[in-house]
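A.B. asks: this is a predicted model, with the sequence first.
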Amino acid sequence: MARYAALLRAVNVGGTTALPMSRLKAVCLDAGLEHVETYIASGNVVFESKAAPAKIKATLEAALRKELGKPVGVVLRSAAELRAVLKASPFRNTEPKYTHVIFLDTAPPADALDHVRGRRDEELRLAEREIYVHYPSGMGRSKLRIPAASEGTARNINTVTKLVELTSKP
């Protein structure tokens, strides 16, 4: 059985879609996922499953649509993939709360950075299925818009580190 983290898009962030983590856990258990554990109220859930990643994603998205009455994007990463994302961070020497990973389902377009708007002091790097962003002045003050990230979901390095820890549990 493999361990995964599901990162939900726009859940409990800014009040757009309220989903208590206890309810998220119940939805996941009802969807057949095992050893379900949530982490902070922003749509992070760790679990085990024997199913293929595409099947897990589809099942979880359908269950969330049923629960909330609207689509909720889910980005899935295995424990090994999360470890690789953390290890590959090009901004390891920055304060973790100012560095974010935008998780995508597919590779960002090669020209993704050409279409960024509102950039000031932010640094960006493309990766396999991620976009790394360092916000030296803080994400809250940034006017950065990344069109290639519109279907992704961002987590800061502190959260990614915790998800690596949770998915690495035996």
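C.D. replies: Sure, I can see it.
A.B. asks: ok, residue 170 to residue 48 distance?
C.D. replies: With distances taken as C-beta to C-beta, to the nearest Å, residue 170 is found 11 Å from residue 48. No exception for glycine: its C-beta is placed from N, CA and C like everyone else's.
A.B. asks: residue 169 now?
C.D. replies: 10 Å.
A.B. asks: compare those two and say which is more crowded by neighbours.
C.D. replies: residue 48 (16 against 11; other C-beta atoms under 10 Å).
A.B. asks: intersection of neighbour lists for residue 169 and residue 48?
C.D. replies: Residues touching both residue 169 and residue 48 by C-beta atoms under 8 Å, 6 or more residues apart in numbering: residue 3.
A.B. asks: just the pLDDT for residue 10.
C.D. replies: Listed pLDDT for residue 10 reads 76.
A.B. asks: can I see the domain layout of the chain?
C.D. replies: Per automatic domain parsing, the domain ranges recorded for the chain read 2-80, 85-156.
A.B. asks: from the opening residue of the first one to its closing one, how far?
C.D. replies: I take that to be domain 2-80. Start-to-end span of domain 2-80 (C-alpha to C-alpha, to the nearest Å) is 10 Å.
A.B. asks: check the domains of the chain for me: which has the lowest mean pLDDT.
C.D. replies: Among the domains of the chain, domain 2-80 has the lowest mean pLDDT, at a mean of 91.
A.B. asks: gap between that one and the chain center?
C.D. replies: 11 Å (C-alpha atoms, centre = their mean, to the nearest Å).
A.B. asks: got it, and stretch 1-11?
C.D. replies: For stretch 1-11, the distance to the chain centre is 7 Å (C-alpha atoms, centre = their mean).
A.B. asks: buried stuff in that stretch?
C.D. replies: Across stretch 1-11, burial judged by 16 or more other C-beta atoms under 10 Å covers 3, 4, 5, 6, 7, 8, 9, 11.
A.B. asks: for residue 6, what are its contacts?
C.D. replies: Residue 6 is in contact with 28, 44, 45, 46, 47, 56, 57, 60, 74, 75, 76, counting by C-beta under 8 Å, 6+ apart.
A.B. asks: ok, now residue 101?
C.D. replies: Contact analysis of residue 101 by C-beta under 8 Å, 6+ apart lists 85, 89, 130, 131, 132, 133, 154, 155, 156, 157, 160.
A.B. asks: now the phi/psi pair for the residue nearest to it when sequence neighbours are not counted, please.
C.D. replies: In this structure, residue 101 finds its nearest non-sequential neighbour in residue 130, 5.2 Å apart by C-beta to C-beta, 6 or more residues apart in numbering. Torsion angles at residue 130 (phi, psi; degrees, to the nearest 10) stand at phi -140, psi 160.
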